[in-house]
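Undergrad: just the structure for this:
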Amino acid sequence: MRGEQLDLAGDSRSGQASLRDAIVVAQQQRAKLFELRSATTLARLWRDEGKPAEARDLLAPIYGWFTEGFDTPVLKEALFDQLAA
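TA: Purely as a prediction, here's the structure:
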């Protein structure tokens, strides 16, 4: 949430750094859902900055880890962002 707020406040660099930190923490805790949520937000920012390949490269392996629950809002959002990138 902090990364999104920083980005909305106009501090994109700090917002993206916060999101990358959130991804690392989620990976350390093996919290795939939180990793996916942070990565989806960061990928969306990158896509909006004209970096769709980087966005897709970030999301694809995390999304690919999931084998069920594809009807959940978080996974639907990540898939949509992957396809839109």
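Undergrad: burial count for Gly3?
TA: Neighbour count of Gly3, defined by other C-beta atoms under 10 Å: 23. (Glycine included, C-beta is placed from N, CA and C.)
Undergrad: would you mark the buried spots in whichever helix or strand it is part of?
TA: Using DSSP states H and E, Gly3 sits in helix 2-8. Going by neighbour count (16 or more other C-beta atoms under 10 Å), the buried part of helix 2-8 is 3-4, 6-7.
Undergrad: ditto for stretch 36-44
TA: 36-44.
Undergrad: re the thing from before, farthest pair within the buried residues of helix 2-8?
TA: Glu4 and Leu6 (7.4 Å; C-beta to C-beta).
Undergrad: okay, and the common contacts of those two?
TA: Gly15 (C-beta atoms under 8 Å, 6 or more residues apart in numbering).
Undergrad: quick one, helices of this protein?
TA: Counting by DSSP state H, the chain has helices at residues 2-8, 12-28, 32-48, 52-65, 73-84.
Undergrad: any idea how far Asp21 is from the nearest residue to Ser14 once chain neighbours are set aside?
TA: Once flanking residues are discounted, Ser14 sits nearest to Leu6: 4.6 Å by C-beta to C-beta, 6 or more residues apart in numbering. As judged by C-beta to C-beta, to the nearest Å, Leu6 and Asp21 stand 11 Å apart.
Undergrad: and what of Leu8?
TA: According to C-beta to C-beta, Leu8 and Asp21 sit 17 Å apart.
Undergrad: same question for Glu54.
TA: On the measure of C-beta to C-beta, Glu54 and Asp21 end up 18 Å apart.
Undergrad: do Glu77 as well
TA: According to C-beta to C-beta, Glu77 and Asp21 sit 21 Å apart.
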